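sequence plus predicted model, see below.
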Amino acid sequence: MAIARPAMPAVMRSPGIAQIQPQKQQGSLRMTPMPLTMPSVRRRCGSKEERSRQVCGDLCLCMAKEVAAAVSVHSGISKGQAQNQNSVLITQEDAKSTSPAGDGAISTESTVTITVVGASGDLAKKKIFPALFALYYEGCLPKHFTVFGYARSKMTDEELRNMISATLTCRIDQRENCGDKMDKFLQRCFYHSGQYNSEVCFGQLSKKLEEHEAGRLANRLFYLSIPPDIFVDVARCASHSATSLRGWTRVIVEKPFGRDSQSSAELTRGLKQHLKEEQIYRIDHYLGKELVENLSVLRFSNLVFEPLWSRQYIRNVQLIFSEDFGTEGRGGYFDSYGIIRDIMQNHLLQILALFAMEPPVSLDAEDIRNEKVKVLRSMRVISSEDVVVGQYKSHTRGGIKYPGYTEDKTVPNNSLTPTFAAAALFIDNARWDGVPFLMKAGKALHTKRAEIRVQFRHVPGNLYKRNFGSDLDLATNELVIRVQPDEAIYLKINNKVPGLGMRLDRSNLHLHYAARYDREIPDAYERLILDAIEGERRLFIRSDELDAAWALFTPLLNELESNKVAPEFYPYGSRGPVGAYYLAAKYNVRWGDANSELTTV
Ligand SMILES: NC(=O)C1=CN([C@@H]2O[C@H](COP(=O)(O)OP(=O)(O)OC[C@H]3O[C@@H](n4cnc5c(N)ncnc54)[C@H](OP(=O)(O)O)[C@@H]3O)[C@@H](O)[C@H]2O)C=CC1
Ligand SMILES: O=C1O[C@H](COP(=O)(O)O)[C@@H](O)[C@H](O)[C@H]1O
């Protein structure tokens, strides 16, 4: 990460980031904004070293943002504010005190501390620490960074390092110096044990952070990897006792963001008592997945797709999530949420919003999120008539018995919690009027996959319709965006079988990522953590998006729970309840994944 300097060359330019020029003003160095004239930050900045970092390709943008952070040394002015306001004050007093050398020189070196709250937990071990290491490995973390684990469990720094090291891996395509880099990364990891509701404990943590910050501009990121009922306590303690006085303080919040409209609104209110909306980064890790990020690129940078992206040409859209394992180990959490809250209300609905939104004015976070909110607010509240719920039961295959959901020790025997759901959703706007958006999500199914399927309408007056027999659906085009595993985008088309006759065939125009690119695809958490460090909010959920999302699902969830609707059983490892097929048939839809297995070539 480049060292940001207040007096920067006239090339740093990004939407919302002012070019800062220092002016002497009564003992303080006043930064005044210059007009935004340069079109692109990336075009001119970036050292050779930075350009070589392909994974964090936005480093230059990040660098420009670092400058905004660097000049926001005046306490209380966050980097976000610096960017938003295009003008920041920096006092000489502050600037001098920031010199790590203590020599009175103006230092603009900054440091980032990432504190993983709930460091002893499953998500921290499985995803967050490995993502931080991957970012370090790729050279995407700033020069001065420190990782802190915070939880109630008693642990030494060394014990934390041992715990983390068990889950760190190097990319398959980059094993060079892996061991060395792991050691160096682990040396930057520390632990502090404390309560989640104790301002005193967070004050102690803050002291430790200060030691590592060593007088530099101090940016602090708190990742709340803890159960949601303690989010607000932690936000309060972090904000009162561990806010950075010279730099930004941001908080990543993990889902679930409430259970319904009311609890979500309460959570938002609670967080906003202690944090500004700009400080809150609500993570939905599906937004960080490569192919979800690519959705907008596919739509808006290819002439062939966007003109077809409407009711005129699209017959239905399917959003499918399936896992080939049950709730193993997470039954306690899952039982009070269920698959609709766990996957549909967030991951699948977020994908739907990105898929269906109108073109945003720009790629700016607020422009994109405005469009997402608009489309969510155009959606019809989901009717229970359009929903099927299921729960997996035990099944024996090949002599192995796979347990049913209620056999999980952490799940009550009589639980009605759905582990599967299918739903038909509608967007009542001009673009999508009448187009069913079908969602399907389930655990303990026959396969693990997440995909978006777009089924196009029949070709009007198709000259070749005879070749397809009576089933004209066989002739329609289908675009499949396979989010995981084995990322791919393929378009099913009709073509002639080579030869003298006239036989038609179905083939795939196929972009298979593993064949096309020789790099491992970064984990979603890497992208999102890097974005949070950079202050890029595009892939995080704004509170009004959350309200709109809950408004669609809350009446359904209330109805299912108050009527104690019994889920339809399906065997572990099957394709889910038959009801899902009837639901699709009601709208003249056939699930695109019904007969297909993964297409890899
Ligand atoms: N695990 C996953 O795959 C995913 C998790 N999430 C979300 O991320 C967050 C963290 O998940 P995960 O790591 O699985 O959670 P854990 O249940 O493992 O909890 C994380 C840590 O929080 C502390 N903790 C647990 N329960 C309580 C409690 N009742 N009161 C106070 N502290 C508690 C524990 O640390 P200690 O006792 O040391 O203080 C624990 O190690 C949750 O909000 C979860 O919903 C989201 C997506 C996926
Ligand atoms: O948020 C969640 O996501 C995981 C699935 O994530 P993936 O990246 O492995 O597809 C899911 O297992 C979990 O139940 C849910 O809380």
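Arrived safely. Ligands and ions are numbered 1, 2, ... in the order given.

who in the stretch 101-250 of the chain is up against ligand 1?
Within the stretch 101-250 of the chain, the residues that sit near ligand 1 (CB under 6 Å from any ligand atom) are 118, 120-124, 151-153, 196, 225-228, 230. (Each C-beta comes from the backbone N, C-alpha and C, glycine too.)

so which residues make contact with stretch 479-488?
286, 289-292, 294-295, 298, 305, 351, 448-454, 456, 489-492, 510-514, 521, 592, 598-600 (CB atoms under 8 Å, 6 or more residues apart in numbering).

picking up where we left off before, so which of the residues of the stretch 101-250 of the chain next to ligand 1 belong to strands?
Judged by DSSP state E, these include A151 as members of strands.

how about the helices in the stretch 401-550 of the chain?
Per DSSP state H, counting those that start in this stretch, the stretch 401-550 of the chain carries helices over the ranges 513-516, 524-534, 543-562.

find the one among those with the highest mean neighbour count.
Ranked by mean neighbour count, the helices of the stretch 401-550 of the chain are led by helix 524-534 with a mean of 23 (mean count of other CB atoms under 10 Å).

contacts for that helix?
For helix 524-534, contacts defined as CB under 8 Å, 6+ apart pick out 55-56, 58, 61-62, 65, 112, 114, 127-128, 130-132, 134-135, 138, 140-142, 219, 221, 223, 250, 252, 281, 283, 285-290, 293, 537-540.

as CSV, the helices of the stretch 401-550 of the chain with distance to M502 and mean pLDDT would be great.
Below are those laid out as CSV (distance: least, CB to CB, whole Å; pLDDT from 0 to 100):
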stretch, distance to M502, mean pLDDT
helix 513-516, 31, 96
helix 524-534, 46, 97
helix 543-562, 48, 98
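
so for ligand 2, which of the ones you listed sits nearest?
Ranking the helices of the stretch 401-550 of the chain by their distance to ligand 2 (criterion: CB to the nearest ligand atom) puts helix 524-534 first, at 6.4 Å.

filter the contacts of helix 524-534 to the buried ones?
By neighbour count, with 16 or more other CB atoms under 10 Å, the contacts of helix 524-534 hold 55-56, 58, 61-62, 65, 112, 114, 127-128, 130-132, 134-135, 138, 140-142, 219, 221, 223, 250, 252, 281, 283, 285-290, 537-540 as buried.

measure S415 to H285 for me?
Distance of S415 to H285, given as CB to CB, to the nearest Å: 26 Å.

kindly apply the preceding question to P555 instead.
Look at P555 and H285: by CB to CB, they are 27 Å apart.

tell me which two in the residues of the stretch 101-250 of the chain next to ligand 1 are the farthest apart.
The span of these, defined through CB to CB, is set by S153 and P228 at 19.3 Å.

higher neighbour count, the two?
P228 (19 against 14; other CB atoms under 10 Å).

I'd like to know how far that one sits from S193.
21 Å.

again, but for K496
69 Å.

same drill for these two, tell me which one is more crowded.
Legend: neighbour count by other CB under 10 Å for K496 and S193, higher for S193 (18 against 12).

go ahead and confirm that one touches E159.
No: the criterion here is CB atoms under 8 Å, and S193 misses it with E159 at 10.3 Å.

burial count for the nearest residue to F334 once chain neighbours are set aside?
Spatially, and ignoring its direct neighbours in sequence, F334 is nearest to T327 (4.5 Å; CB to CB, 6 or more residues apart in numbering). The number of residues packed near T327 is 23, by other CB under 10 Å.
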